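Trainee: Sequence first, predicted coordinates after that:
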Amino acid sequence: MTERDYAAMARGLDEAGWVEVHRQAQAGDANCQLLLYWDSRLTEKTRRKWLRRAAEQGHPEACALLGWEDWSELRAAAEAGDPEAQLNLACKLAWLPVPDKAASRHWYLQAALAGVATAAYEMGCFCYEEGNLPEAILWLEHASVEDTWMAEDACKLLAHLYKEDETRAKLWERRALELLGDRA
């Protein structure tokens, strides 16, 4: 069965059907565990738990949804403190078909603390989305230093964040234009 099949099946279940699916999932049925992933009434955390259980049993669709592949070498390098590996692992986790935001954020943070500008930009975006503007500004300012595409984006976002302070907003707008001109 495909993702679409599981989603369609989930939409067609009534309450009694969900009770039976849940009973069978608890008994270890990987198909039912995957089906619970598609139950929109469950929290994201609970849905991911069922998806992970199905994948741990080798269910191919669950593994594909999690994007599981052998990342043991990459993870080992990230855990050993390699900033490039930390960034690569964070990116892989962020771009899974079912992203692992908490783990991705953790590895972006580790890489950002090691001075990787791309990771600093991603941390700024995480903090912005979380509503932590002072920390978002801190990370975005770190990201704006290097002459890269994300430095330009960081400057644009900083200009937006400083919209109440016209002088600072214009400073960041000029910096973004300078970076754009350097690459033109």
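Mentor: Sure thing, it's come through.
Trainee: Which helix or strand contains the closest residue to residue 106 other than its chain neighbours?
Mentor: Excluding its sequence neighbours, the residue lying closest to residue 106 (C-beta to C-beta, 6 or more residues apart in numbering) is residue 90, at 7.7 Å. To be clear about C-beta, it is placed using only N, CA and C from the backbone, and glycine gets the same treatment. Using DSSP states H and E, residue 90 sits in helix 83-94.
Trainee: Which residue would you name as the spatial centre of the protein?
Mentor: residue 94 (3.0 Å; C-alpha atoms, centre = their mean).
Trainee: Number of residues surrounding the closest residue to that residue other than its chain neighbours?
Mentor: Counting by C-beta to C-beta, 6+ apart, residue 94 lies nearest to residue 104, which is 4.0 Å off, once chain neighbours are set aside. When neighbours are defined as other C-beta atoms under 10 Å, residue 104 has 20 of them.
Trainee: before we move on, which element is residue 61 in?
Mentor: Using DSSP H and E, residue 61 falls in helix 60-66.
Trainee: Output the contacting helices and strands for that helix.
Mentor: Applying 3 or more C-beta pairs under 8 Å, 6 or more residues apart in numbering; DSSP states H and E, we find helix 60-66 packed against helix 3-12, helix 30-37, helix 44-56.
Trainee: Now that residue 146 has come up, it's in contact with residue 116, right?
Mentor: No: Residue 146 is not in contact with residue 116 according to C-beta atoms under 8 Å; the separation is 9.5 Å.
Trainee: Looking at these two, which one has more neighbours?
Mentor: Using other C-beta under 10 Å as the criterion, residue 146 and residue 116 rank with residue 116 on top: 22 against 17.
Trainee: so what's the residue nearest to residue 106 up against?
Mentor: 104, 105, 106, 107, 108, 110, 111, 119, 122 (C-beta atoms under 8 Å, 6 or more residues apart in numbering).
Trainee: In helices only, show me these.
Mentor: Among the contacts of residue 90, DSSP state H puts 104, 105, 106, 107, 108, 110, 111, 119, 122 in helices.
Trainee: Put together a markdown table for the residues you listed, with pLDDT and distance to residue 163 on each row.
Mentor: Listed next are those as a markdown table, based on pLDDT from 0 to 100; distance: C-beta to C-beta, whole Å:
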| residue | pLDDT | distance to residue 163 |
| --- | --- | --- |
| 104 | 93 | 28 |
| 105 | 96 | 26 |
| 106 | 97 | 31 |
| 107 | 96 | 31 |
| 108 | 96 | 26 |
| 110 | 98 | 31 |
| 111 | 96 | 29 |
| 119 | 94 | 26 |
| 122 | 94 | 22 |
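Trainee: got those residues as a markdown table, with distance to residue 177 columns?
Mentor: Putting the ones in helices among the contacts of residue 90 into a markdown table (distance: C-beta to C-beta, whole Å) gives the following:
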| residue | distance to residue 177 |
| --- | --- |
| 104 | 31 |
| 105 | 30 |
| 106 | 34 |
| 107 | 32 |
| 108 | 27 |
| 110 | 32 |
| 111 | 28 |
| 119 | 25 |
| 122 | 23 |
